[in-house]
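Visitor: Just the structure for this:
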Amino acid sequence: MVVVGVGVLCWAFVVWKWEDPFTSVYTGLEQRELRSELAALNNTQPLAAAASASSGEALLRVRREARRLRADAEPGSAIGRLRVPRLDLSIVVVDGTDTSSLKRGPGLDGRTFMPGEGRLIYVAGHRTTFGAPFSAIDTLQVGDRVTLEMPYGRFTYVVQRHRIVDASDLSVLESGAGEEIALQACHPRFFATQRYIVWAVPEKPARLGGRTVAVPTAA
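Guide: Reported below is the predicted structural model:
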């Protein structure tokens, strides 16, 4: 029993320090496939039209394409790339937050929206297993940048605040007055009783239909 106990402690330390190597291999293979999916998706939605259009036309196009992607996306499919410099993170995001989808990478909660729709974008990810993309989410600081590269535009957000809530608190999925992104992981590490959530707002806001939305830029 002592040997087993020591083994468990050693394994917990390895996972805490370097994440779970076995599930990370799985996610790494899935991410390779997702990168191919995303490349194909990007080729179907070129950004040239948005780049050459007027600001109002570009925002309308972005909103239209965002709604189309949200309607067409299948659970577990690639929808965009998330970049967070503070976390040294560049990873493909999938549609959905079910167990299977989150094994592939961070997932967009289907009860929320896509970048450019002027509402909440809620992305959940693992903290200790399956690549642990949000293992250091608690190191994010006010002013840090979060970027989502979508097939129809690039959206940059600036971290504004964080909050720890109970796992059963669904109020965090409600959209506020404008566009913002929320990154969520379990808290504390190795437990799922609470959620650590970081909110970020658009770096370059614009007005459209009375709502604050992010301005798209060509990739």
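
Visitor: contacts and neighbour counts: CA atoms only from here.
Guide: OK.

Visitor: So in this protein, where's the weakest helix or strand by average pLDDT?
Guide: helix 48-52 (a mean of 44; mean pLDDT, DSSP states H and E).

Visitor: what's downstream of that one, the next helix or strand?
Guide: Using DSSP states H and E, the next helix or strand after helix 48-52 towards the C-terminus is helix 55-72.

Visitor: which other helices and strands contact that following helix?
Guide: Identification of packing neighbours for helix 55-72 by 3 or more Cα pairs under 8 Å, 6 or more residues apart in numbering; DSSP states H and E yields helix 48-52.

Visitor: Just the element for residue 142, please.
Guide: Per DSSP H and E: residue 142 is located in neither a helix nor a strand.

Visitor: And the pLDDT at it?
Guide: Among the per-residue scores, residue 142 shows a pLDDT of 98.

Visitor: Give me the distance between it and residue 186.
Guide: In this view, residue 142 and residue 186 are 20 Å apart by Cα to Cα, to the nearest Å.

Visitor: who's more crowded, those two?
Guide: For residue 142 and residue 186, the more surrounded residue by other Cα atoms under 10 Å is residue 186, and the numbers stand at 25 against 14.

Visitor: Identify the bridge partners of the more buried one.
Guide: For residue 186, the residues forming beta bridges with it (DSSP bridges) are residue 195.

Visitor: hang on, isn't it packed against residue 168?
Guide: No. Contact criterion Cα atoms under 8 Å: residue 186 and residue 168 do not qualify, at 11.8 Å.

Visitor: can you list residues touching both of the two?
Guide: Common neighbours of residue 186 and residue 168 are not found (criterion: Cα atoms under 8 Å, 6 or more residues apart in numbering).

Visitor: Which residue ranges of the protein form helices?
Guide: Using DSSP state H, the helices of the chain run over 2-18, 21-44, 48-52, 55-72, 99-102.

Visitor: which of these has the lowest average pLDDT?
Guide: Of all the helices of the chain, mean pLDDT reaches its minimum on helix 48-52 (a mean of 44).

Visitor: for the closest residue to residue 73 other than its chain neighbours, what are its contacts?
Guide: The spatial neighbour of residue 73 that comes closest, neighbours along the chain excluded (Cα to Cα, 6 or more residues apart in numbering), is residue 95 at 6.4 Å. Counting by Cα under 8 Å, 6+ apart, residue 95 makes contact with 73, 74, 75, 76, 77, 78, 79, 101, 107, 108, 109, 110.

Visitor: Repeat the analysis, applying 6 Å as the threshold.
Guide: With contact set as Cα atoms under 6 Å, 6 or more residues apart in numbering, residue 95 has these partners: 75, 76, 77, 107, 108.

Visitor: Was I right to think the last one contacts residue 96?
Guide: Yes. Contact criterion Cα atoms under 6 Å: residue 108 and residue 96 qualify, at 5.2 Å.
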